[in-house]
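**Q** Okay, sequence plus prediction incoming.
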Amino acid sequence: MTSNSRRSWIPRLNITVSVLFAAFIVKAGAEALPDEAGAKAASEAATQAWSGVPEILARIVPPVFPARDFGVTNFGAIADGATDCTEAFRRAIEACHDAGGGRVVVPRGTFLTGAIHLRSNVNLHLEKGATLRFSTDPRKYLPVVFTRYECTEVMNYSPFIYALGQENVAITGEGTLDGQGSAGVWYQWKKTDDANRLVRMGQQGVPVKQRIFGEGHHLRPNFIEPARCRNVLIEGVHITNSPMWVLHPLYSTNLTVRNVTVETKGPNTDGCDPDSCTDVLIQNCSFSDGDDCIAIKSGRDADGRRVNIPCQNLVIRDCVFKEGHGGVAMGSETSGGIRNVFAENCRFDSSDLDAAMRFKTNPARGGFIENVYLRNCSVKTAKVGIHMTMRYGSSGARDGDSIPVVRNIDIRDSTFGDLTRQAVFIEGYSPSIQITDVTIAHCEFLKSRGASYMTNTSRVHVIATRGSGIE
């Protein structure tokens, strides 16, 4: 899992395809090469890539647990919303783990808790009507644990639900996980300089064990984070009021996220951010949050290049994206590389979306975004339909010497409704650092306020695509 070559079976494409650019503003450095045979070549390449999805899915197998239940109320948890149940959860999880596994069951009622650390073979199961309400006291998430904060490794406050180096772990049920993000101090912490200080430590190569934040500092914990885990299932739960990223699988393999509903506001409250993970399925989920709904990541800048673990082999199906910055996003933390991402049958359904399909990186990041395929999607409304940039700069340095690669992106058979800004925006970094081999095929753009824009690109192919802002 530490090599960028692991399971990179999808071929790199180098094809020239038919281009129709009637309504594009095409700046210098953008290349359009017409080739009538290219349409067929692009279709065949996409078909070949999608044919590998069953192989990925065959490896993604949710964990199965013994038929043993450990009720948290039997270990002292009280459903009054006021009694601290952290120790009761710890004892229930340890008992379940020591017995060989099973379910730790949370019954109907409201339970107040601090950090919950899962162990191997434990399924944290919330029955219908159960609510886990997480404390607003930062001290309840100490001692510090190993994590990544915005894709830089650090010792920080524990995520609310955390597992490190475990196998066969799950969070399931019909209950609610309430982070109380807006009720605590978490959102105020965004204004401090600790995040920039951590990035500088990563750039300077400070050993991770010396990057100790936690008490006295202001890096917000993520909500749910399985780190270095195998065989993970998150299913059915409703998650709200996150302090930071909601679902943050880190360095994990064989992960299933399905039938999950995320509803949260606040800064940087991304819905699901797989970070340097392999073999991930995200299916039948609904996201409405304060940042990107799904953002695929793989480490940030020098620290991410040091770790050098890609995020690869991800399948996203039948999801709904409402409020957020991006619906399905790649980056901006791309330093370990992102490849082999497949998204299909998704609905993008909010004017609050900055971009339905979003790709972002810059030469401070490095790494790559390649082999990304989206099909059969419906965008009801968004500001931009398809947005790609190698000049992303809203979260720190934009320039640098670690040149990323963005190539082999195929978007087809999708409908874009009311786009309040423009249909397509594609921006390479410079005439010599370009976004290449992009195909937009058999798509329809029904309403767009402005013309599409392309600069510093080559082999961008728009095939049998029509509508406002395109034709």
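**A** Alright, I've got the coordinates.
**Q** so what's the most centrally placed residue in the chain up against?
**A** With distances taken as CA atoms, centre = their mean, residue 273 lies nearest the centre of the chain, 2.4 Å away. Residue 273 sits next to 245, 247, 248, 249, 292, 294, 295, 296, 297 when contact means CB atoms under 8 Å, 6 or more residues apart in numbering. Backbone N, C-alpha and C define where each C-beta goes, glycine included.
**Q** The fifth one and residue 324 touch, don't they?
**A** Meaning residue 292. Yes. Between residue 292 and residue 324 there is a contact under CB atoms under 8 Å: 5.8 Å.
**Q** Touching both of the two, which residues are there?
**A** When contacts are counted by CB under 8 Å, 6+ apart, residue 292 and residue 324 have residue 271 as shared neighbours.
**Q** one step back: show me which pair in the contacts of residue 273 is furthest apart.
**A** The largest separation in the contacts of residue 273, counting by CB to CB, is between 249 and 292 at 14.9 Å.
**Q** Is it correct that residue 100 is in contact with residue 121?
**A** Yes. Residue 100 is within contact range of residue 121, at 6.5 Å (criterion: CB under 8 Å).
**Q** who's more crowded, those two?
**A** residue 121 (23 against 11; other CB atoms under 10 Å).
**Q** any idea of the pLDDT on the more buried one?
**A** Turning to residue 121, the model gives it a pLDDT of 98.
**Q** same check, this time on the one 10 residues further on
**A** Per-residue pLDDT puts residue 131 at 98.
**Q** who's it bridged to?
**A** In this entry, residue 131 is beta-bridged to residue 110, residue 176, by DSSP bridges.
**Q** Count the neighbours of residue 48 for me.
**A** By other CB under 10 Å, 12 other residues sit near residue 48.
**Q** quick one: it is in a helix?
**A** Yes. Checked against DSSP: H, G, I helix; E, B strand; the rest coil, residue 48 lies within a helix.
**Q** From residue 41, how far out is it?
**A** Per CB to CB, to the nearest Å, residue 48 is found 11 Å from residue 41.
**Q** three-state assignment of the closest residue to residue 85 other than its chain neighbours?
**A** Ranked by CB to CB, 6 or more residues apart in numbering and with sequence neighbours excluded, the top spatial neighbour of residue 85 is residue 77, at 4.1 Å. Assigned with three-state DSSP, residue 77 falls in the coil class.
**Q** let's number from 8 now, not from 1
**A** Done: numbering now begins at 8, and the last item shifts to residue 84.
**Q** What segments of the stretch 58-207 of the chain are helices?
**A** Using DSSP state H, counting those that start in this stretch, the helices of the stretch 58-207 of the chain run over residues 60-66, 93-105, 201-211.
**Q** What of the stretch 308-457 of the chain?
**A** 308-314.
**Q** out of residue 256 and residue 299, which sits in the busier spot?
**A** Under the criterion of other CB under 10 Å, the comparison of residue 256 against residue 299 puts residue 299 first, with 31 against 25.
**Q** Run through the stretch 258-407 of the chain and note the low-pLDDT ranges.
**A** Residues of the stretch 258-407 of the chain meeting the criterion pLDDT under 70: 401-404.
**Q** which residues in it form strands?
**A** Using DSSP state E, counting those that start in this stretch, the strands of the stretch 258-407 of the chain run over residues 260-265, 268-270, 285-290, 293-295, 301-303, 318-324, 327-328, 333-337, 345-351, 354-356, 362-367, 375-382, 385-396.
**Q** Any idea how many residues pack against residue 94?
**A** Residue 94 has 13 neighbours, counted by other CB under 10 Å.
**Q** so what's it up against?
**A** residue 83.
**Q** hang on, the earlier thing: of all the strands of the stretch 258-407 of the chain, which one comes closest to residue 141?
**A** Across the strands of the stretch 258-407 of the chain, residue 141 has its closest neighbour in strand 268-270 (15.0 Å, CB to CB).
**Q** Now find how far off-centre that closest one is within its chain.
**A** Relative to its parent chain, strand 268-270 has a centroid offset of 14 Å by CA atoms, centre = their mean, to the nearest Å.
**Q** Show residues contacting it.
**A** 244-247, 249, 253-254, 278-279, 292-296, 300.
**Q** how about a cut-off of 6 Å?
**A** Here strand 268-270 makes contact (CB atoms under 6 Å, 6 or more residues apart in numbering) with 245, 246, 247, 253, 278, 293, 294, 295, 296.
**Q** same check, this time on stretch 418-436
**A** 381-388, 390-398, 441-442, 447-457, 459-464, 476-477.
**Q** List the buried residues of that stretch.
**A** Across stretch 418-436, burial judged by 16 or more other CB atoms under 10 Å covers 418-419, 421, 423-424, 426, 428-436.
**Q** any idea of the mean pLDDT for that stretch?
**A** In the prediction, stretch 418-436 has an average pLDDT of 97.
**Q** Take it, keep the C-alpha atoms, and write them as CSV.
**A** Extracted in CSV, the C-alpha atoms of stretch 418-436 (Å, rounded to 0.1, in the frame of the first residue of the first chain):
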residue,chain,number,x,y,z
ILE,A,418,-17.5,12.3,-18.2
ARG,A,419,-20.3,10.9,-20.3
ASP,A,420,-24.1,10.3,-20.6
SER,A,421,-24.9,13.0,-18.1
THR,A,422,-27.4,15.8,-17.9
PHE,A,423,-26.7,19.3,-16.5
GLY,A,424,-29.7,21.5,-15.7
ASP,A,425,-29.5,25.1,-14.4
LEU,A,426,-25.8,26.2,-14.2
THR,A,427,-25.7,29.7,-12.7
ARG,A,428,-22.2,30.4,-13.8
GLN,A,429,-20.9,28.2,-16.6
ALA,A,430,-21.0,24.7,-18.0
VAL,A,431,-17.3,23.8,-18.1
PHE,A,432,-14.2,25.4,-16.7
ILE,A,433,-10.8,23.7,-17.4
GLU,A,434,-7.6,25.5,-16.3
GLY,A,435,-4.1,24.0,-16.6
TYR,A,436,-1.2,25.7,-14.8
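**Q** before we move on, back to that, got JSON lines for the helices of the stretch 58-207 of the chain, with distance to residue 315 and mean pLDDT too?
**A** Converted to JSON lines, these look like this (distance: least, CB to CB, whole Å; pLDDT from 0 to 100):
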{"stretch": "helix 60-66", "distance to residue 315": "22", "mean pLDDT": "98"}
{"stretch": "helix 93-105", "distance to residue 315": "32", "mean pLDDT": "98"}
{"stretch": "helix 201-211", "distance to residue 315": "13", "mean pLDDT": "96"}
